[in-house]
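[1] any chance you could fold what I've pasted below:
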Amino acid sequence: MASTAPRQHRARPWGWLVVVWLTAFVTSSLAAQSTVPESDSSNSRLFPSSGSEYDKVISELTDRLADVERKLEQREATDFQAAEKAKQKFVVRPFGRLHIDTGTFNQDDANRASVGADAHNGISIRRARLGVEGEGFDNLFYRFDVDFVTFDQSTATRPTIFDAYLDVQELPVLGNLRVGHFREPFSLERLDSSHDLPFLERSAAVNTLAPFRSVGLMAFDWNVDRTMTWSYGVFDEATNEFGEDNRDRTGLAGTGRVTWLPFVNDDGSQLIHVGASYSYRKLGNTNRNFASRPEINLKEGALLTPSFVDTGLISVHDYHVAGLEMSSVLGSLSFQGEYVALAGVQSDNQSLFLQGGYLEVMYWLTGEHRNFNRTQGRYDSVTPKHAFRIGDQGDGRWRIGGAWEVACRVSWFDLDHASLHGGRMTNVTCGLNWNYAFRSRVMLNYIHSFLDRNSLSSNADIFAMRLQYAF
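    Numbering: from 1, shown residues only. This next block holds a predicted model:
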């Protein structure tokens, strides 16, 4: 014990010396770092140490910021003025379409006897239209177009006005208001544009029984989620199946339609659509006939396709038309169907009941899908994924380009009821469509028509083609 105590006493001063030396070293290092000139640091170059230099930099930055804000305000004011000026005039967008059809008929003898005429082969212009549309005054939309092929039945002259209307948008309660000459809100197929139909013509029952264009007033709107639409209006009951005015008939009609999308995904490539339509029609002139061609319509002179079913002239004061519709899009595959019926009482107290419908399936071979307009409750045009160009598309594969679609439809139309013997017609149509550009295409249709009329069954085969161009 005595030998160790002196060694501990001698070591204690050396330990304190080491601690003191380390403390002095750290302190001197920190002091050395703090004496580095501010001009050597990057921060000091951005923010000078002297008050005058610092204030000068801040002043310059403030002036620059104020100048940028002033220029932005001037730009916004200029844009606002331009927008206000644009609201004071209508935008004008011209558009047009040309549909050239050709058809070849092969009727058996019974069909010729039932129809009472030969259907002539030939080529005719189905539609040739020009028009303009656009917006104005922030809440107005207009559309006006004429067709240079269709005769006005009252004057037997061309051209014929088709659409001529004005929309007032975003109104309280009503939503949107349309006035003029336009399509009554009835039937999905009736409201789809002829640009976008998968076949050359609409189905026979819809084309004959469903109202088309009339002069009237209509309100229409949709819900926030765009899953429901509704439209209703009052119209002058004075048009035939092609939308031509017949001035010798005056009357009044009330028509409405509602649609619902119980399911739809984000891009619209998957959806289910259902809808219903109704129209009450009070006729001024009680004479009326209901007839239909076999879903092809060559219109030029002697080429005029004869009606396969026809009630003849009947007398009726008023009648009701109702329709149900459904469609579904499953990617490139889609389905659609409708049923429409007309009911009333003839002037001789005989009942009147006519009905028909269709089912159709379509498939895009090139991967496109139908585009559903969720605020209008109808289908819009499809834009091809690949533009028309013959040759290598840049991926090493050779193709023509454009969008290819195949379609098949079965339609039926019954004009036999009680004292009426207009006939029953069933049409099976297969089609191939090549959309070489937006709303421009070549269409091929094969139609087999089964006809039962005047206690005689007959058949007809029809090959038809359309060249369609639109802008």
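
[2] alpha carbons only for contacts and neighbour counts from here, please
    Fine.

[3] which strands and helices sit next to the host helix or strand of residue 427?
    Per DSSP states H and E, residue 427 falls inside strand 420-437. Secondary-structure packing of strand 420-437 (3 or more CA pairs under 8 Å, 6 or more residues apart in numbering; DSSP states H and E): strand 309-310, strand 403-417, strand 440-453.

[4] tell me which residues in the helix or strand that contains residue 461 are buried?
    For residue 461, the element it lies in under DSSP H and E is strand 456-470. Within strand 456-470, the residues that count as buried by 16 or more other CA atoms under 10 Å are 458-470.

[5] so which residues make contact with it?
    Residues from elsewhere that reach strand 456-470 (CA atoms under 8 Å, 6 or more residues apart in numbering): 95-111, 114, 195, 200, 296, 438-452.

[6] same deal with stretch 140-157?
    Stretch 140-157 is contacted from outside by 125-135, 158-169, 244-248, using CA under 8 Å, 6+ apart.

[7] okay, it in PDB with CA atoms only?
    Below are the C-alpha coordinates for stretch 140-157, written out as PDB (Å, rounded to 0.1, in the frame of the first residue of the first chain):
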ATOM      1  CA  LEU A 140     -74.900  30.400 -76.500                       C
ATOM      2  CA  PHE A 141     -74.400  27.600 -79.000                       C
ATOM      3  CA  TYR A 142     -75.800  27.500 -82.500                       C
ATOM      4  CA  ARG A 143     -75.900  25.000 -85.400                       C
ATOM      5  CA  PHE A 144     -77.200  25.400 -89.000                       C
ATOM      6  CA  ASP A 145     -76.900  23.000 -91.900                       C
ATOM      7  CA  VAL A 146     -78.600  22.100 -95.100                       C
ATOM      8  CA  ASP A 147     -78.800  19.000 -97.200                       C
ATOM      9  CA  PHE A 148     -78.500  19.300-101.000                       C
ATOM     10  CA  VAL A 149     -80.000  15.800-101.800                       C
ATOM     11  CA  THR A 150     -83.200  15.600 -99.800                       C
ATOM     12  CA  PHE A 151     -86.300  17.200-101.300                       C
ATOM     13  CA  ASP A 152     -88.600  19.400 -99.200                       C
ATOM     14  CA  GLN A 153     -91.900  17.600 -99.800                       C
ATOM     15  CA  SER A 154     -93.900  20.800 -99.700                       C
ATOM     16  CA  THR A 155     -91.900  22.700-102.300                       C
ATOM     17  CA  ALA A 156     -90.100  19.800-104.100                       C
ATOM     18  CA  THR A 157     -86.900  21.800-104.100                       C
END
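
[8] run the chain-centre distance for that stretch.
    Centroid separation between stretch 140-157 and its chain, computed with CA atoms, centre = their mean, to the nearest Å, is 22 Å.

[9] show the average pLDDT along that stretch.
    Here stretch 140-157 scores 81 as its mean pLDDT.

[10] which residue ranges of the stretch 51-200 of the chain form helices?
    Under the criterion DSSP state H, counting those that start in this stretch, the stretch 51-200 of the chain carries helices at the ranges 51-87, 109-115, 188-191.

[11] quick one: which of the ones you listed is nearest residue 262?
    Of all these, helix 188-191 sits nearest to residue 262, with 16.3 Å by CA to CA.

[12] tell me which strands and helices that closest one is in contact with?
    helix 204-209.

[13] go again with 10 Å.
    helix 204-209, strand 270-283, strand 314-330, strand 333-346, strand 378-380 (3 or more CA pairs under 10 Å, 6 or more residues apart in numbering; DSSP states H and E).

[14] and those: which comes nearest residue 365?
    For residue 365, the closest of the helices and strands packed on helix 188-191 is strand 333-346, at 9.2 Å, according to CA to CA.

[15] what strands flank the closest one, and is each parallel or antiparallel?
    In the sheet, strand 333-346 lines up against strand 314-330 (antiparallel), strand 351-364 (antiparallel) (DSSP bridges).

[16] in the stretch 51-200 of the chain, where is pLDDT below threshold?
    Along the stretch 51-200 of the chain, the parts satisfying pLDDT under 70 run over 51, 82-88, 152-156.

[17] am I right that residue 366 sits in a helix?
    No - in this structure, residue 366 is coil, not part of a helix, as judged by DSSP: H, G, I helix; E, B strand; the rest coil.

[18] which ones are touching it?
    Residue 366 makes contacts with 332, 384-386, 401-405, as judged by CA atoms under 10 Å, 6 or more residues apart in numbering.

[19] farthest pair in the residues you listed?
    Maximum pairwise distance among the contacts of residue 366 (CA to CA): 16.9 Å, between 332 and 401.

[20] more neighbours, those two?
    Counted by other CA atoms under 10 Å, residue 332 and residue 401 do not tie: residue 401 has more neighbours, with 21 against 17.

[21] distance of the residue lying closest to residue 323 once chain neighbours are set aside from residue 312?
    Once flanking residues are discounted, residue 323 sits nearest to residue 340: 4.2 Å by CA to CA, 6 or more residues apart in numbering. Here residue 340 is placed at a distance of 20 Å from residue 312 (CA to CA, to the nearest Å).

[22] try residue 446
    In this view, residue 446 and residue 312 are 28 Å apart by CA to CA.

[23] looking at these two now, which is surrounded by more residues?
    More crowded of residue 446 and residue 312, by other CA under 10 Å: residue 446, with 19 against 13.

[24] shouldn't the more buried one be in contact with residue 428?
    Yes - the pair residue 446 / residue 428 is scored as a contact, 8.2 Å apart, by CA atoms under 10 Å.

[25] what touches both of those two?
    Residues touching both residue 446 and residue 428 (CA under 10 Å, 6+ apart): 408, 461.

[26] count the residues that sit near the nearest residue to residue 120 once chain neighbours are set aside.
    Excluding its sequence neighbours, the residue lying closest to residue 120 (CA to CA, 6+ apart) is residue 303, at 5.5 Å. Close neighbours of residue 303, defined as other CA under 10 Å, add up to 17.

[27] distance of residue 303 from residue 102?
    From residue 303 across to residue 102, the span is 10 Å (CA to CA).

[28] between these two, what contacts are shared?
    Common contacts of residue 303 and residue 102 (CA under 10 Å, 6+ apart): 121-124, 297.

[29] what pLDDT does the residue nearest in space to the middle of the chain get?
    Geometric centre of the chain, nearest residue: residue 380, 2.5 Å, by CA atoms, centre = their mean. What the model reports as pLDDT for residue 380 is 95.
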